[in-house]
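S.K.: need a 3D model of the sequence below.
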Amino acid sequence: MKTDYFRLTFSSLSSNELFARSAVGVYALRLNPSVAEISDIKTAVSEAVTNSIVHGYPDSVGEITLEGFVEGETLHINVFDEGVGIENLTEALEPFYTTKGDDERSGMGFTIMKSFMDEVNVESEKGKGTKVYMLKKLGIDAK
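M.R.: Numbering: from 1, shown residues only. This is a model prediction of the structure:
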């Protein structure tokens, strides 16, 4: 059982993206990360939460769950929604893929998450939502 964790649930409103970034940044401080590591974590969380807002709930407001826990010097961050889900996950994980058209989105959300975190795994089911699992190894021994 995890003993050092947090779990937050909030509305899928764009104003809550900053809340999610801030909460994760403060939680990560217990591992004494560098400024660059904090920035990486907050950027990845921003992308995951924004994906839930824009793609998970395109025509409605729903719930997003943000949770995290520490194992040794590894920070685990998970972002869940119960939105529309992803029809073709393999395609969605490709750089520049977007369902929102050329002018609205770059299609780089998952690519950005993968470049800033040490590991990113995504599960999704059409009509049932998406789960993003990320981890970042922090500290001297993790490098």
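S.K.: nearest residue to the middle of the chain?
M.R.: Ala48 (3.1 Å; C-alpha atoms, centre = their mean).
S.K.: where in this structure is pLDDT low?
M.R.: Low-confidence segments of the chain (pLDDT under 70): 1-2, 88-109, 140-143.
S.K.: show me where it has its strands.
M.R.: Assigned by DSSP state E, the strands in the chain fall at 5-11, 63-71, 74-81, 119-125, 129-137.
S.K.: residues near Asn78, how many?
M.R.: 18 (other C-beta atoms under 10 Å). For glycine as for every other residue, the C-beta is placed from the backbone atoms N, C-alpha and C.
S.K.: measure Glu37 to Gly72 for me?
M.R.: 15 Å (C-beta to C-beta, to the nearest Å).
S.K.: between these two, which one's more packed in?
M.R.: It is Glu37, of Glu37 and Gly72, that has more neighbours when counted by other C-beta under 10 Å, with 19 against 11.
S.K.: I figured Val132 hits Asn78, correct?
M.R.: Yes. Contact criterion C-beta atoms under 8 Å: Val132 and Asn78 qualify, at 6.7 Å.
S.K.: coming back round to it: ignoring the adjacent residues along the chain, who's closest to the residue nearest to the centre of the chain?
M.R.: Of all residues not flanking Ala48 in the chain, Val79 sits nearest, at 3.9 Å (C-beta to C-beta, 6 or more residues apart in numbering).
S.K.: now that neighbour: how far from Val49?
M.R.: Applying C-beta to C-beta, the value for Val79 to Val49 is 6 Å.
S.K.: where do the contact lists of those two overlap?
M.R.: Listed as contacting both Val79 and Val49 by C-beta atoms under 8 Å, 6 or more residues apart in numbering are Ala20, Ile64, Leu66.
S.K.: now those residues as CSV including distance to Arg7 and neighbour count?
M.R.: Shown next, in CSV, are the shared contacts of Val79 and Val49 (distance: C-beta to C-beta, whole Å; neighbours: other C-beta atoms under 10 Å):
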residue, distance to Arg7, neighbour count
Ala20, 12, 23
Ile64, 12, 26
Leu66, 8, 25
